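>>> Okay, here's the prediction I keep looking at, along with the sequence it came from:
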Amino acid sequence: QLQLVESGGGLVQPGGSLRLSCEASGFTLNYYAIGWFRQAPGKEREGVSCISSIGGTNYADSVRGRFTISRDNAKKTVYLQMNSLKPEDTAVYYCAARSHLCNMRPREYSNWGQGTQVTVSA
């Protein structure tokens, strides 16, 4: 059974950093793209970043240059390094899996983790 578990969220001051992890189980991560998404209260879920099965990456304009996505297939984990965090980055962050190709639209993913809260506040 395909499962994704996010971790690494928390409370951080503006300008700070966090690293989120998305640990996969029940499937071979090598063949899957992983997307990171976020949802703030009262807002729609939005794509943050994604990484394809062969390592191609994509970023939302709002995070490009501040966030970095990477994967370690041996550890069955995808990471999202978040630097220079802003209050507007506050949201629940989710990872999701789909076959091979990167996509920034939530509707293209059917396998989701439970989410981890990121709060950026002084």
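Received it, and whenever you're ready, just let me know what you need.

>>> hey, let's count contacts and neighbours off CA atoms from now on
Will do.

>>> Going by neighbour count, list what's buried in stretch 65-75.
For stretch 65-75, a neighbour-count test (16 or more other CA atoms under 10 Å) marks 67-71 as buried.

>>> measure stretch 73-91 end to end?
Counting by CA to CA, to the nearest Å, you get 26 Å between the two ends of stretch 73-91.

>>> State the mean pLDDT of that stretch.
Mean per-residue pLDDT for stretch 73-91: 97.

>>> If you count neighbours, what's buried in that stretch?
Buried residues in stretch 73-91 (16+ other CA under 10 Å): 76-83, 85-86, 89-91.

>>> Now find how far off-centre that stretch is within its chain.
Its chain's C-alpha centre and that of stretch 73-91 lie 6 Å apart, by CA atoms, centre = their mean, to the nearest Å.

>>> Stretch 105-119 too?
8 Å.

>>> Over to stretch 91-107?
Stretch 91-107 has its C-alpha centroid displaced from the chain centroid by 8 Å (CA atoms, centre = their mean).

>>> if we can go back for a sec, tell me the one among the buried residues of stretch 65-75 nearest to C102.
C102 lies nearest to I69 out of the buried residues of stretch 65-75, by CA to CA, at 12.0 Å.

>>> Please look at that closest one and G55 and confirm they touch.
No. With contact defined as CA atoms under 8 Å, I69 does not reach G55; the gap is 9.4 Å.

>>> before we move on, back to that, is it possible to export the buried residues of stretch 65-75 to CSV including secondary structure?
CSV is the format used below for the buried residues of stretch 65-75 (DSSP: H, G, I helix; E, B strand; the rest coil):
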residue, secondary structure
F67, strand
T68, strand
I69, strand
S70, strand
R71, strand
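
>>> No further queries at this time; thank you.
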